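S.K.: Give me a model of this one.
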Amino acid sequence: MTNAVIDCILSRTAAKYYDPAAALSDEQIHELVRIGTTAPTSFHLQNWRFIAVRTPEAKARLSPIAWNQPPITEAAVTFIVVGQLADSSVVPARLAPLVEAGIMPAKMVPEWEIPARGLYQDYPQRQRDEAVRTATFGAAAMIYVARSWGLGSTPMIGFDDVAVHREFGLAKDEVPVLLLSVGPERPGNWAQKPRRPVSEVLHLV
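M.R.: Here you go, the predicted structure:
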């Protein structure tokens, strides 16, 4: 069984080599994030933010605190994918557009807010776990959007999180989860790397 979506997923690989002369327009960057943020989030929190590092000046600020990895300076843009600590108090505001659109009845909002409060309010580790989950879902969606556009992408975890937090003005409740470079590739990138057999990772019960 195959289709364009599956082909996109199976052909994706982490790019090493980018065309350093290529650029993405602000409109393309905006659309990449818009589509990426349709990824799922717990209680519709949408607790993420994306910093698009695209100018030479911004790349020069990021590169030394991210191990001077080549994609940061060579790719058209590198996103700092930021997760925000799960905060149940924002649930009514996040759900308001659903109520206004007639998707969710207003009386259902407390049915989401109350369990969210019980899950996160007194549990800092859960708040942080949700920030990481949310940012990762968003980044994964953006990776496949990029691939569908014929662009390369490179997720990276090699960076000084404290320095990134300081240099790019993250808020106290924000976590820099990963970097994601995106842009037109140049020749030399590998094909999709072979994976472990499904028999080693799947357990049917």
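S.K.: Run through the strands of this structure in chain order.
M.R.: Ranges of strands within the chain are 48-53, 77-84, 152-156, 174-183, based on DSSP state E.
S.K.: contacting residues for the spatially most central residue of the chain?
M.R.: The C-alpha lying nearest the average C-alpha coordinate of the chain belongs to Ala139 (C-alpha atoms, centre = their mean; 2.3 Å). Residues in contact with Ala139 (C-beta atoms under 8 Å, 6 or more residues apart in numbering) are Gly36, Phe79, Val81, Pro155, Val177, Leu178, Leu180. Where C-beta positions appear, they are placed from N, C-alpha and C, glycine not excepted.
S.K.: Export the residues you listed to a markdown table and append columns for pLDDT and neighbour count.
M.R.: As requested, those are exported to a markdown table (pLDDT from 0 to 100; neighbours: other C-beta atoms under 10 Å):
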| residue | pLDDT | neighbour count |
| --- | --- | --- |
| Gly36 | 97 | 23 |
| Phe79 | 99 | 26 |
| Val81 | 98 | 26 |
| Pro155 | 98 | 19 |
| Val177 | 98 | 23 |
| Leu178 | 98 | 18 |
| Leu180 | 98 | 27 |
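S.K.: these two touch, right, Arg94 and Ser42?
M.R.: No - using C-beta atoms under 8 Å, Arg94 is not in contact with Ser42, being 10.6 Å away.
S.K.: Compute the distance between Gly138 and Ile65, please.
M.R.: Counting by C-beta to C-beta, to the nearest Å, the separation of Gly138 from Ile65 is 22 Å.
S.K.: Tell me which of the two has more neighbours.
M.R.: Residue environment comparison for Gly138 versus Ile65 gives the larger neighbour count to Gly138, 28 against 18, counting by other C-beta atoms under 10 Å.
S.K.: Need the nearest residue in space to Gln84, chain neighbours excluded.
M.R.: Nearest in space to Gln84, with sequence neighbours left out and distances taken as C-beta to C-beta, 6 or more residues apart in numbering, is Asn47 at 4.0 Å.
S.K.: need the longest helix for the chain.
M.R.: Among the elements of the chain assigned as helix by DSSP state H, the one spanning the most residues is helix 124-148.
S.K.: Name the residues of that helix that come out as buried.
M.R.: 127-131, 133-139, 141-148 (16 or more other C-beta atoms under 10 Å).
S.K.: what do you get for stretch 88-96?
M.R.: For stretch 88-96, a neighbour-count test (16+ other C-beta under 10 Å) marks Ser88, Val90, Val91, Arg94, Leu95 as buried.
S.K.: try stretch 153-172
M.R.: For stretch 153-172, by 16+ other C-beta under 10 Å, it's Ser153, Thr154, Pro155, Met156, Phe159, Val164, His165, Glu167, Phe168, Leu170.
S.K.: so who does the third one touch?
M.R.: Meaning Pro155. Here Pro155 is in contact with Ala14, Ala139, Ile143, Leu178, Leu179, Leu180 (criterion: C-beta under 8 Å, 6+ apart).
S.K.: All set, thanks.
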